[in-house]
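Trainee: Below are the sequence and a predicted model for it; my questions follow.
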Amino acid sequence: MRRVASLIAAVILTASCGQTTTTTSTTSTTSENLSGTISYSSRDIGTMPGAVDLIQRDKSDSFFYVVSRFGTIQRWQPDGTILDTVLDISTATTSEGERGLLGLAFRKIDTQWEAFINFTDLSGDSVISRFDVTADGRFVSSARPSGVEIIKIAQPYSNHNGGAVVVGPDNMLYIGTGDGGSSNDPERRALNTEELLGKILRIDPKKSGYDIPADNPFVNTPNARAEIWSIGLRNPWRFNFDVFGNIWIADVGQNKWEEVNASPGTSKTPGGKGKSFGWSAYEGNHAFNTDVASPGALAPIFEYEHKDGACSISGGAIGTNTTTAGRAGWYFFGDYCTGTMTAILTDGTSTVASETVLKDLGNITAVRSTFDGMFVISLEGKVRRVISTRQGSSVESP
């Protein structure tokens with residue numbers, strides 16, 4: 001059955017351009033496409049073994065956080081100077097296989113900051129836990145070193161743990177879960193609405209535990225888990241919302257195809273509500289498990305084949321004029337095996353332009369952005385700032 005295309009508008013942001021200073025680059029490429037000629041380079045700013053995430057809490061902060069799957073979170077200045085280690089749960093997690101401390105998000109309620117982490121516990125199950133955070137960005141110790149448990153999700157296998165945790169534009173908490181692991185979605189969990197695995201979940205965390213938002217799409221569906229926001233994902237290795245509320249998901253493929261999914265949204269109703277992204281009826285645009293069906297599943301906006309060593313997508317960040325001059329609205333991601341970083345632009349129904357950004361970056365675990373920078377991080381621990389320099393004319397706002 002033909003999959004339904006995602007109707008997402010091309011995102012051209014109008015944030016004012018920042019000025020990029022001249023730096024020593026480790027790698028560079030030049031690309032000419034719809035938005036003019038861009039020269040890319042990267043600058044090593046530091047090392048944190050096992051790095052898997054990088055988050056800036058607030059635009060006013062002069063620092064950002066770097067997350068290691070081995071169980072630690074550090075605060076860094078933009079030049080790579082380490083301010084401190086704000087969290088160490090290395091004794092509460094295991095980093096075997098695809099496990100470990102995998103994600104971090106911040107939320108502000110009135111004037112109080114709180115942090116959420118996504119990690120696998122010593123039994124291999126996924127746990128989302130909560131910490132209070134001081135105004136200056138430090139974590140407040142809790143009775144349990146790993147924080148107050150919000151939700152725990154049993155994991156039947158050691159891989160496909162997802163790991164992303166994101167505060168949406170509606171201030172709800174979104175959680176990306178893999179299909180449970182092994183291969184081929186053996187228990188067909190991803191499209192099963194009675195299971196939390198293979199999904200994007202949406203909850204409203206409390207001091208402990210959580211509420212289920214009344215407008216979640218499966219609240220009134222018999223036997224369905226009401227926490228579910230989206231279904232049909234294999235292993236969403238990073239997802240995020242852009243400033244318009246559209247959701248962008250990098251979903252790791254099985255045998256042959258890696259994919260980028262997107263769904264339109266708003267600040268009040270973010271993208272992905274009630275949507276299926278097709279796994280495991282489909283891998284990318286291609287039929288996979290024929291014993292399950294997902295009529296109306298959204299087609300990926302981009303897919304790439306396992307060729308020339310490519311094997312596993314690592315998302316992802318939307319460029320803005322302050323993070324990637326000349327490439328506002330482009331989606332940036334990497335491949336874990338090739339170490340290649342790529343950018344794509346969609347016209348609303350398909351990808352109309354794609355380009356190689358940088359190569360030979362190691363085992364890319366994530367491409368992330370702060371309010372004024374784009375970064376690519378690798379499992380070896382390298383944290384690099386990506387610099388785009390506008391060389392020619394651009395259709396974007398100045």
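Mentor: In hand now; what should we look at? Numbers count the residues shown, from 1 in each chain.

Trainee: Low-confidence ranges, the chain, go.
Mentor: For the chain, the stretches with pLDDT under 70 are 1-36, 348, 392-398.

Trainee: mind checking the longest strand of it?
Mentor: In the chain, with assignment by DSSP state E, the single longest strand is strand 36-47.

Trainee: Which elements pack onto it?
Mentor: Judged by 3 or more CB pairs under 8 Å, 6 or more residues apart in numbering; DSSP states H and E, strand 36-47 is in contact with strand 28-33, strand 351-358, strand 382-390. For glycine as for every other residue, the C-beta is placed from the backbone atoms N, C-alpha and C.

Trainee: Give me the phi and psi for the most centrally placed residue in the chain.
Mentor: The centroid of the chain falls nearest to residue 238 when counting by CA atoms, centre = their mean (2.1 Å). Torsion angles at residue 238 (phi, psi; degrees, to the nearest 10) stand at phi 90, psi 130.

Trainee: check contacts around it.
Mentor: Taking CB atoms under 8 Å, 6 or more residues apart in numbering, we find residue 238 in contact with 164, 176, 249, 250, 314, 315, 316, 333, 366, 367, 368.

Trainee: any idea how far residue 120 is from the residue lying closest to residue 109 once chain neighbours are set aside?
Mentor: Of all residues not flanking residue 109 in the chain, residue 171 sits nearest, at 7.7 Å (CB to CB, 6 or more residues apart in numbering). Residue 171 sits 26 Å away from residue 120, going by CB to CB, to the nearest Å.

Trainee: now residue 391
Mentor: For residue 391, the distance to residue 120 equals 44 Å [CB to CB].

Trainee: show me where the stretch 1-150 of the chain has strands.
Mentor: Ranges of strands in the stretch 1-150 of the chain, per DSSP state E, counting those that start in this stretch, are 28-33, 36-47, 51-55, 64-68, 72-76, 82-88, 101-109, 112-120, 126-133, 148-153.

Trainee: possible to save the ones you listed as CSV with distance to residue 355 and mean neighbour count?
Mentor: As requested, the strands of the stretch 1-150 of the chain are exported to CSV (distance: least, CB to CB, whole Å; neighbours: other CB atoms under 10 Å):
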stretch, distance to residue 355, mean neighbour count
strand 28-33, 4, 15
strand 36-47, 8, 19
strand 51-55, 23, 24
strand 64-68, 26, 25
strand 72-76, 28, 20
strand 82-88, 33, 16
strand 101-109, 28, 20
strand 112-120, 31, 23
strand 126-133, 35, 21
strand 148-153, 37, 18
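
Trainee: Of all these, which one is nearest residue 354?
Mentor: Among the strands of the stretch 1-150 of the chain, the nearest to residue 354 by CB to CB is strand 28-33 (8.4 Å).

Trainee: about what we covered before: give me the sheet partners of the longest strand of the chain and which way each runs.
Mentor: strand 28-33 (antiparallel), strand 382-390 (antiparallel) (DSSP bridges).

Trainee: and that strand with strand 64-68, angle?
Mentor: If you take axes from the mean of the first three to the mean of the last three CA atoms, to 10 degrees, strand 36-47 sits at 70 degrees to strand 64-68.

Trainee: who touches residue 284 in this structure?
Mentor: Contacts here follow CB under 8 Å, 6+ apart; on that basis residue 284 touches 253, 256, 257, 258, 259, 300, 303.

Trainee: where does the fourth one fall, phi/psi-wise?
Mentor: This points to residue 258. phi -100, psi 150.

Trainee: ok, what's across the strand from it?
Mentor: Bridge pairing for residue 258 (DSSP bridges) gives the partners residue 304.

Trainee: residues near it, how many?
Mentor: 26 (other CB atoms under 10 Å).

Trainee: What of the third one?
Mentor: When neighbours are counted by other CB under 10 Å, residue 257 registers 19.

Trainee: and it, what does it touch?
Mentor: Contacts of residue 257 by CB under 8 Å, 6+ apart are 283, 284, 285, 286, 303, 304, 305, 306.

Trainee: pretty sure the fifth one is touching residue 285, no?
Mentor: Yes - the pair residue 303 and residue 285 passes the contact test of CB atoms under 8 Å, sitting 6.2 Å apart.

Trainee: neighbour count winner among those two?
Mentor: Neighbours per residue, other CB under 10 Å: of residue 303 and residue 285, the larger number sits with residue 303, 20 against 13.
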